[in-house]
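1. output the structure for:
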Amino acid sequence: MKVELVFITFLLICIVLVARCSTERRRQQTSGTQTPARNVPLAIPTPEREPQPTLVSPSPQSRLLDENAFRTKQINVGLASYYQKIFQGHLTASGEPYDPNELTAAHNSYPFGTLVRVTNLDNGKHVVVRVNDRGPYKPNRIIDLSSEAAKILGVIDAGIAKVQLEIL
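-> I've put the predicted structure just below:
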């Protein structure tokens, strides 16, 4: 009888342990921390997709600084003046020294490096200049030209001329 009692106790302990293990396994499966089976890939490859662009409304400040906004075909008409040669070597707003023999100009809002076709409306002459400075600072002027650009346009004698600006 003692042997039977030990045997029954042993069976009960085994049953409790087996039941406990199966409960633990079910708990792991539902929590997502199960151990992966062998020969099963850990990650299933998905086809690569190109990232979709995110549309964001630009702030008013970024619109002002967006250089591409100035690259559209804009045409402005107004008065042009020119830098005298006495400014030679002075630093422009872009940081480069002013050279009166280069085809450069100053504009209040066009980004540095913008190419502008300037046409003298009195004689039809035109020249392409690169914006490298800020100005003009006199009222009713839309651009300040280098001495060389003013000479090509025929502005030197008059000092100012009515011009048309076209951003290239």
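
2. now do the helices in the chain.
-> Using DSSP state H, the helices of the chain run over 2-31, 60-65, 147-153.

3. which strands and helices sit next to the last one?
-> Applying 3 or more Cβ pairs under 8 Å, 6 or more residues apart in numbering; DSSP states H and E, we find helix 147-153 packed against strand 75-82, strand 115-120, strand 126-133. C-beta here means a position set from N, CA and C on the backbone, and glycine is covered the same way.

4. now tell me what touches it from outside.
-> By Cβ atoms under 8 Å, 6 or more residues apart in numbering, the residues outside helix 147-153 that reach it are 80, 82-85, 100-105, 118, 120, 123, 125-127, 129, 145, 156, 161, 163.

5. separation between residue 83 and residue 159?
-> Residue 83 sits 12 Å away from residue 159, going by Cβ to Cβ, to the nearest Å.

6. next: residue 11.
-> Residue 11 sits 115 Å away from residue 159, going by Cβ to Cβ.

7. break the chain into its domains for me.
-> If you go by automatic domain parsing, the domain ranges for the chain are 1-30, 67-167.

8. export those to TSV and tack on mean neighbour count and mean pLDDT?
-> Below are the domains of the chain laid out as TSV (neighbours: other Cβ atoms under 10 Å; pLDDT from 0 to 100):
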stretch	mean neighbour count	mean pLDDT
domain 1-30	10	69
domain 67-167	17	87
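
9. so who does residue 157 touch?
-> Residue 157 makes no contacts at all, as judged by Cβ under 8 Å, 6+ apart.

10. for it, grab phi and psi.
-> Torsion angles at residue 157 (phi, psi; degrees, to the nearest 10) stand at phi -70, psi -50.

11. ok so, going back, overlap in contacts, residue 83 and residue 159.
-> With Cβ under 8 Å, 6+ apart, residue 83 and residue 159 have no common neighbours.

12. report the separation between the closest residue to residue 96 other than its chain neighbours and residue 17.
-> Leaving aside its chain neighbours, residue 96 sits nearest to residue 132 (5.8 Å; criterion: Cβ to Cβ, 6 or more residues apart in numbering). According to Cβ to Cβ, residue 132 stands 85 Å off from residue 17.
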